[in-house]
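Undergrad: when you get a sec, could you give me coordinates for this:
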Amino acid sequence: MPSHVPYAPILFERSCRSPIPMKEQALHGAVGRGDVAAVSKLLQRGHNVNCMNSQGETPLHQAIEQQNVTLVRLLLKQGADPSRTPNYGVSTLCQAVESDNLEIVQLVIQTHADFSAELQLNTQLNPLLLAIVRESVDITRLLLRHGACVEVTNERGETPLVLAGMGTDPDKQLQLAILLMSHGADPSAKDAHGHEAVHYSWHNTFTAYMREYTCQPSTVLSLKSLSRKRILDHLVLHSGQPTVDEGVQPLPLPPPLKEFLLFNNQL
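TA: So this is what the prediction gives:
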């Protein structure tokens, strides 16, 4: 396991905001208090929904930081622009992912803003990489469905799959691996240190699943060559359950695995 922490948890640890004009201060203040009624009234009176404080944050950024779904929905409905980025460089979509709130991420994506370029960035502030680091399975699935690239890397050359291998939750590790590889992630891809995803994992189920895709080093098996039985055998083998060969019904399929098998016409 690498000694470094993939991402320091400082995205939202910022200095106190400097004073802003009174009109903008009123709207930001209402959002800061989570006062939906006051925010609605101020917007009806013509306050600028995209007004910025001294750090370039709009009310939308504040609402996302507070994980206030009601305010996020209201502000977006009133024309909040998710393409605006604060002075510290963390995009609206990255903030939504960092909130670890699926509904907020959905609301931001549903604005139809163009996030295609951001989803291809080779930087640690790529929404998909952030979701993987947080082991956010549902958000990862959503981003993949909206065009996230499984081949992006951060500044250390770590792919989404490599970061999944660094995770601490074995169930989420496996689910993330299934999602990423069903969207074409290469298990033989190496980071800047020459290590594959399996190098970083301490969890047997993840390791076994990864090896199912590799018949020899750097040779990736086709997704469709994997049988449902082989996957289930490995899952139950490392969870202490009898294998399919012994005639015992295996554990229920995790949703991403079921999705993967359905995708490949194996269920």
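
Undergrad: so which elements touch the helix or strand where Leu107 lies?
TA: Leu107 is located in helix 102-109, with elements delineated by DSSP states H and E. If you count contacts as 3 or more Cβ pairs under 8 Å, 6 or more residues apart in numbering; DSSP states H and E, helix 102-109 packs onto helix 69-77, helix 92-98, helix 137-145. (Each C-beta comes from the backbone N, C-alpha and C, glycine too.)

Undergrad: and that helix, C-alpha only, in CSV?
TA: This file holds the C-alpha atoms of helix 102-109, laid out as CSV (Å, rounded to 0.1, in the frame of the first residue of the first chain):
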residue,chain,number,x,y,z
LEU,A,102,-25.4,11.3,-5.6
GLU,A,103,-28.5,13.6,-5.9
ILE,A,104,-26.3,16.7,-6.0
VAL,A,105,-24.1,15.2,-8.7
GLN,A,106,-27.2,14.2,-10.7
LEU,A,107,-28.6,17.8,-10.4
VAL,A,108,-25.4,19.3,-11.6
ILE,A,109,-25.0,16.9,-14.6
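
Undergrad: between it and helix 69-77, how many degrees?
TA: The directions of helix 102-109 and helix 69-77 differ by 0 degrees, with axes from the mean of the first three to the mean of the last three Cα atoms, to 10 degrees as the criterion.

Undergrad: hmm, who's touching helix 102-109?
TA: Counting by Cβ atoms under 8 Å, 6 or more residues apart in numbering, the neighbours of helix 102-109 from elsewhere in the structure are 64, 67, 69, 72-73, 76, 82, 92-93, 96-97, 99, 115, 136, 138-139, 142-143, 146.

Undergrad: narrow these to just the buried residues.
TA: The neighbour-count test (16 or more other Cβ atoms under 10 Å) applied to the contacts of helix 102-109 identifies 64, 69, 72-73, 76, 82, 92-93, 96-97, 99, 115, 136, 138-139, 142-143, 146 as buried.

Undergrad: one step back: can I get the helices and strands packed on helix 102-109 in CSV including mean pLDDT and distance to Pro160?
TA: Compiled in CSV, the helices and strands packed on helix 102-109 are given as follows (pLDDT from 0 to 100; distance: least, Cβ to Cβ, whole Å):
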stretch, mean pLDDT, distance to Pro160
helix 69-77, 98, 26
helix 92-98, 96, 13
helix 137-145, 95, 8
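
Undergrad: ok, which of those helices comes nearest Gln55?
TA: helix 92-98 (12.5 Å; Cβ to Cβ).

Undergrad: where does pLDDT dip in the stretch 101-250 of the chain?
TA: Using pLDDT under 70 as the threshold, the predicted model of the stretch 101-250 of the chain has low-confidence ranges 201-250.

Undergrad: show me the helices in it, by range?
TA: Secondary structure of the stretch 101-250 of the chain, counting by DSSP state H, counting those that start in this stretch: helices at 102-109, 127-133, 137-145, 160-165, 170-182, 204-212, 228-237.

Undergrad: which strands or helices does the second one pack on?
TA: Counting by 3+ Cβ pairs under 8 Å, 6+ apart, the packing neighbours recorded for helix 127-133 are helix 92-98, helix 137-145, helix 160-165.

Undergrad: make sure Ser83 is indeed in a strand.
TA: No: residue state for Ser83 (DSSP: H, G, I helix; E, B strand; the rest coil) corresponds to coil; a strand is not indicated.

Undergrad: next one: it relative to Val39, how far apart?
TA: Using Cβ to Cβ, to the nearest Å, one gets 21 Å for the distance from Ser83 to Val39.

Undergrad: and what of Val49?
TA: The spacing between Val49 and Val39, counted by Cβ to Cβ, is 9 Å.

Undergrad: so between those two, which is more surrounded?
TA: The neighbour count for Val49 versus Val39, taken as other Cβ atoms under 10 Å, is higher for Val39 (27 against 20).

Undergrad: which secondary structure element is home to the closest residue to that one other than its chain neighbours?
TA: If you skip the residues right next to it in sequence, Val39 has Ala30 as its closest partner in space, 4.6 Å away by Cβ to Cβ, 6 or more residues apart in numbering. With the criterion set as DSSP H and E, the secondary-structure element containing Ala30 is helix 22-33.
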